[in-house]
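Q: build me a model from this:
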Amino acid sequence: MHSGRRQFAALVLCVGLVCLTPQLLAKKTFRDKEKTISPADEQSRALHALNRLTFGPRPGDVQRVLAMGVDKWIDLQLHPEKIDNRALDARMAAFPTLRMSTRELAENFPDPQEINQVMNGKRALPTDSVLRAIWQVQLARLEDRKERKEEVGGTSTEADRTAPAEVSTAGAAVMKMSQGGDEQESRRQGPVYSEFDSQQLRSLSPEQRFNKILSMPTPEQVAFADALRRDKGQEFLEGLEPTQRDTLLAMNNPPAVVTGELAQAKVLRAVYSERQLDEVMTDFWINHFNVFVDKGLDRLMLTSYERDVIRPHALGRFEDLLVATAESPAMLFYLDNWLSIGPNSAQAQGTPPRPGRKHGSGSAAQSQRTNPGKRTSGLNENYGRELLELHTLSVNGGYSQRDVTETANIFTGWTIDKPAEGGGFKFEARMHEPGAKFVLGRRIKPRGQEEGLEVLHRLATSPKTAHFISLKLAERFVADDPPAGLVDRMAKTFLKKKGDIREVLGTMFHSPEFWDEGTYRAKVKTPLEFVASALRATGAQIDDAMPLTRQLNRMGMPVYGAQPPTGYSMKADAWVSSSALLNRMNFALALTSGKIKGARVDTIHLAGNDLAVSDPSAALSALEASLLATGVSRETHDSIAAEIMTLPANGSKQKQRYNSSFSMIAGLLLGSPEFQRR
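A: Numbering: from 1, shown residues only. Sure, this is the predicted structure:
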């Protein structure tokens with residue numbers, strides 16, 4: 001009876017805080033014991049710097065920053081190469097795909113389109129025995145799908161041939177048997193291959209288990225791969241080396257291995273990297289130059305995009321970053337520029353290549369678009385438009401539709417060499433629009449690839465680009481509506497220092513506006529910032545980051561999942577709603593009560609161990625100081641304090657009940673309006 005009442009009371013309190021949050025988030029400042037929190041003192045400056053330059057402070061971070069000095073700590077974060085990050089590197093070693101080239105990823109984790117090429121006899125299976133097993137399982141699934149389609153009188157569409165196969169009846173039966181289901185019922189669903197003895201497989205050592213699976217006939221490998229779906233059969237992966245684990249997972253869904261490891265790494269880097277500003281800026285730029293993970297082959301290209309394009313330039317020169325993104329296969333594929341053909345180009349006109357020269361060898365665009373004797377037009381304006389509107393000048397940058405079209409013409413021929421095989425950037429002259437172009441009132445001489453580099457240089461050095469990039473940086477680090485004077489000074493630094501991002505950030509971090517009381521906790525966290533900050537604040541130990549990526553899906557911010565080129569918003573109005581905040585509260589409560597698989601939190605330790613079980617009021621104060629650092633609103637404190645007063649403090653059973661409620665209170669603090677801000 002008492003337990004039911006307490007659960008109901010907790011639910012009422014949770015709902016009350018969620019309803020209160022939008023109103024409190026609208027306030028400019030929070031109050032602690034009726035006093036305005038001022039960033040003027042050094043401790044508040046340290047906390048403010050941690051909230052803005054990192055994904056949130058960890059226990060003890062404020063003290064560490066104070067010991068170094070706030071300004072010295074900021075300077076160190078601006079030079080991440082000086083920071084030891086080997087602990088994070090050790091965690092990243094568990095994800096072999098992060099170190100592979102796109103070509104290696106395409107070979108090891110084939111896209112369905114490539115499997116279809118094998119089925120149609122246009123490509124041979126790999127000769128390597130390990131890779132061959134992955135490809136054969138996918139081929140068997142695709143053939144099975146085609147046969148079942150034909151059996152019911154249907155016809156295979158292109159989507160059918162390239163989509164991942166559904167769980168086969170054999171795989172479904174194996175999963176049921178491995179879970180103790182009825183064997184006779186399983187046989188009614190389809191054949192069960194006797195060679196796949198799941199119990200025997202579990203009894204083998206990891207090395208023996210891996211070799212046994214590779215030696216299975218293809219039908220049994222299909223059944224095994226199906227048994228891994230939906231987090232089933234994970235015991236088969238225990239003890240394997242990372243590359244072995246990835247091989248077996250790839251039998252199930254090859255591209256998902258790549259995207260899964262990339263998403264997990266994103267969360268782990270946000271939580272554990274010592275180079276926090278570098279991580280924040282990498283996140284900033286990959287959002288600014290957004291690429292959608294589910295745009296076909298971008299599933300395989302995003303790893304290199306973040307590692308080789310975004311991350312090395314996160315604190316470098318903007319022009320270098322702009323050129324790198326323009327030449328990136330991930331961006332070329334996402335915005336379809338790799339297929340863009342000039343209306344008057346040799347390829348569009350059907351002009352045959354000059355004898356002795358291999359024009360466009362391996363170019364998918366050429367094979368798809370060339371039709372000798374017939375004039376075709378394949379100009380795509382996606383990249384030209386987003387380059388001007390989102391990447392550089394801004395939507396109010398003063399360009400016209402003609403500028404968009406001319407820019408698109410300039411970037412014709414910027415394509416990808418054999419994209420399905422992981423090829424890199426290539427300039428194809430036969431696809432390029434000939435003649436001079438006019439962009440933003442300037443004539444661009446016909447010089448092939450050099451035309452694009454000239455436009456990128458002019459855009460990167462434009463005062464309008466300097467202002468737009470400075471504005472977006474100030475929106476991320478200062479306020480949703482940053483002071484115009486600050487943005488102007490940042491833009492001047494941008495132009496004076498030739499787009500040096502580190503210098504622009506330095507101007508901002510050392511400005512009076514950055515440290516103004518009005519900016520203190522004035523930014524509402526995005527879902528990624530909220531989840532990462534909660535994990536950092538609680539000192540969570542993450543054994544498996546995949547469930548955390550699913551939590552971000554529920555909060556409306558899938559990792560690399562922004563479909564429009566605009567990326568995710570950094571402003572509060574995109575994330576503040578009762579339903580969104582309830583999802584955050586649910587996550588916070590699940591995290592502190594140990595219900596998030598793969599993440600462990602010791603809430604008792606956060607409040608000081610013995611103190612937590614002897615004095616609930618003192619424990620609440622300790623938790624407020626630990627999780628909220630220096631500030632909590634009167635409304636939040638009083639709401640939770642009223643609940644705490646009903647908790648028992650002595651006795652073993654009472655202690656157990658209190659510890660359970662204590663986790664709930666820690667969760668409520670993480671879900672509170674105060675923790676939503678940074």
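
Q: which stretches of the stretch 551-678 of the chain have low pLDDT?
A: Within the stretch 551-678 of the chain, the stretches with pLDDT under 70 are 608-616, 630-631, 643-661.

Q: where along the stretch 1-150 of the chain do the strands fall?
A: 31-32, 35-36 (DSSP state E, counting those that start in this stretch).

Q: where in the stretch 351-500 of the chain is pLDDT low?
A: 355-377.

Q: give me the neighbour count for residue 543.
A: 10 (other C-beta atoms under 10 Å). For the C-beta atoms, the positions are set from N, CA and C on the backbone; glycine is no exception.

Q: who's in contact with it?
A: 598-600 (C-beta atoms under 8 Å, 6 or more residues apart in numbering).

Q: what is the nearest of the residues you listed to residue 147?
A: residue 598 (38.6 Å; C-beta to C-beta).

Q: neighbours of residue 60, how many?
A: The burial count for residue 60: 10, using other C-beta under 10 Å.

Q: please read the previous query as pertaining to residue 308.
A: 15.

Q: and it, helix, strand or coil?
A: Per DSSP: H, G, I helix; E, B strand; the rest coil, the local secondary structure of residue 308 is helix.

Q: what are the phi and psi values at residue 677?
A: phi -100, psi 160 (degrees, to the nearest 10).

Q: ok so, going back, most surrounded residue in the contacts of residue 543?
A: Compared across the contacts of residue 543, residue 599 has the highest neighbour count, 24 neighbours, by other C-beta under 10 Å.

Q: that one touches residue 540, doesn't it?
A: Yes. Using C-beta atoms under 8 Å, residue 599 is in contact with residue 540, at 5.0 Å.

Q: overlap of the contact sets of the two?
A: Joint contacts of residue 599 and residue 540 (C-beta under 8 Å, 6+ apart) are residue 591.

Q: that older thread, can you redo the contacts of residue 543 as CSV with distance to residue 252?
A: Written out in CSV, the entries for the contacts of residue 543 read as follows (distance: C-beta to C-beta, whole Å):
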residue, distance to residue 252
598, 19
599, 24
600, 27
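
Q: so can I have CSV of those showing secondary structure and distance to residue 58?
A: Conversion of the contacts of residue 543 to CSV gives the following (DSSP: H, G, I helix; E, B strand; the rest coil; distance: C-beta to C-beta, whole Å):
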residue, secondary structure, distance to residue 58
598, coil, 19
599, strand, 15
600, strand, 15
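
Q: looking at these, which is nearest residue 535?
A: Checking the contacts of residue 543 against residue 535 by C-beta to C-beta gives residue 599 as the nearest, at 6.7 Å.

Q: ok, the closest one - contacts?
A: By C-beta under 8 Å, 6+ apart, the contact set of residue 599 is 535, 540-544, 547-548, 591.

Q: among the residues you listed, which one sits closest to residue 349?
A: When the contacts of residue 599 are compared for distance to residue 349 (C-beta to C-beta), residue 548 wins out at 52.8 Å.

Q: that closest one: neighbouring residues, count only.
A: For residue 548, the count of nearby residues is 28 (other C-beta under 10 Å).

Q: how about the one 3 residues further on?
A: Using other C-beta under 10 Å, residue 551 is surrounded by 22 other residues.

Q: how close does the residue lying closest to it once chain neighbours are set aside sit to residue 336?
A: For residue 551, ignoring the flanking residues on the chain, the nearest one in space by C-beta to C-beta, 6 or more residues apart in numbering is residue 587 at 5.4 Å. Counting by C-beta to C-beta, to the nearest Å, the gap from residue 587 to residue 336 is 36 Å.

Q: one more: residue 545?
A: From residue 545 to residue 336 the distance is 32 Å (C-beta to C-beta).

Q: who has more neighbours out of those two?
A: Shown here are residue 545 and residue 336; by other C-beta under 10 Å, residue 545 has more neighbours (26 against 15).

Q: pretty sure that one contacts residue 270?
A: No. In this structure residue 545 lies outside contact range of residue 270 using C-beta under 8 Å: 9.9 Å.

Q: overlap of the contact sets of those two?
A: With C-beta under 8 Å, 6+ apart, residue 545 and residue 270 have no common neighbours.

Q: so the residue most central in space within the chain: helix, strand or coil?
A: The centre of the chain sits closest to residue 559, judged by C-alpha atoms, centre = their mean, with a distance of 3.0 Å. Classification of residue 559 by three-state DSSP places it in coil.

Q: with residue 321 instead?
A: The three-state label given to residue 321 by three-state DSSP is helix.

Q: which residues touch residue 559?
A: Applying C-beta under 8 Å, 6+ apart, the residues contacting residue 559 are 262-263, 266-267, 293, 528, 549, 552.

Q: with residue 302 as the reference, measure out to it.
A: In terms of C-beta to C-beta, residue 559 sits 10 Å off from residue 302.

Q: what's the neighbour count on residue 440?
A: Residue 440 is flanked by 20 other residues according to other C-beta under 10 Å.

Q: with residue 529 instead?
A: Counted with other C-beta under 10 Å, residue 529 comes out at 23.

Q: wouldn't it be in contact with residue 52 here?
A: No. Using C-beta under 8 Å, residue 529 makes no contact with residue 52, being 10.6 Å away.

Q: okay, and the common contacts of the two?
A: Applying C-beta under 8 Å, 6+ apart, one finds that residue 529 and residue 52 are jointly contacted by residue 678.

Q: how close does residue 273 get to residue 58?
A: 11 Å.

Q: which of the two has more neighbours?
A: Taking neighbours as other C-beta under 10 Å, residue 273 and residue 58 compare with residue 273 leading, 23 against 20.

Q: got a list of contacts for the helix or strand containing residue 207?
A: Using DSSP states H and E, residue 207 maps to helix 206-215. Residues external to helix 206-215 that are found in contact with it (C-beta under 8 Å, 6+ apart): 129-130, 133, 201-202, 204, 221, 224, 236, 238-241, 244, 247-248.

Q: what residues sit buried inside it?
A: 209-210, 212-214 (16 or more other C-beta atoms under 10 Å).

Q: tell me the angle the next helix or strand after that helix makes with helix 206-215.
A: Going down the chain from helix 206-215, the next helix or strand is helix 218-227, by DSSP H and E. If you take axes from the mean of the first three to the mean of the last three C-alpha atoms, to 10 degrees, helix 218-227 sits at 120 degrees to helix 206-215.

Q: hey, C-alpha coordinates of helix 218-227 in CSV?
A: Presented in CSV, the C-alpha positions along helix 218-227 are these (Å, rounded to 0.1, in the frame of the first residue of the first chain):
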residue,chain,number,x,y,z
THR,A,218,25.9,-20.8,-46.2
PRO,A,219,22.3,-21.8,-45.2
GLU,A,220,23.5,-22.3,-41.6
GLN,A,221,25.4,-19.0,-41.7
VAL,A,222,22.1,-17.3,-42.8
ALA,A,223,20.3,-18.9,-39.8
PHE,A,224,23.0,-17.8,-37.5
ALA,A,225,23.0,-14.2,-38.9
ASP,A,226,19.2,-14.1,-38.4
ALA,A,227,19.7,-15.2,-34.8
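
Q: all good on my end, thank you.
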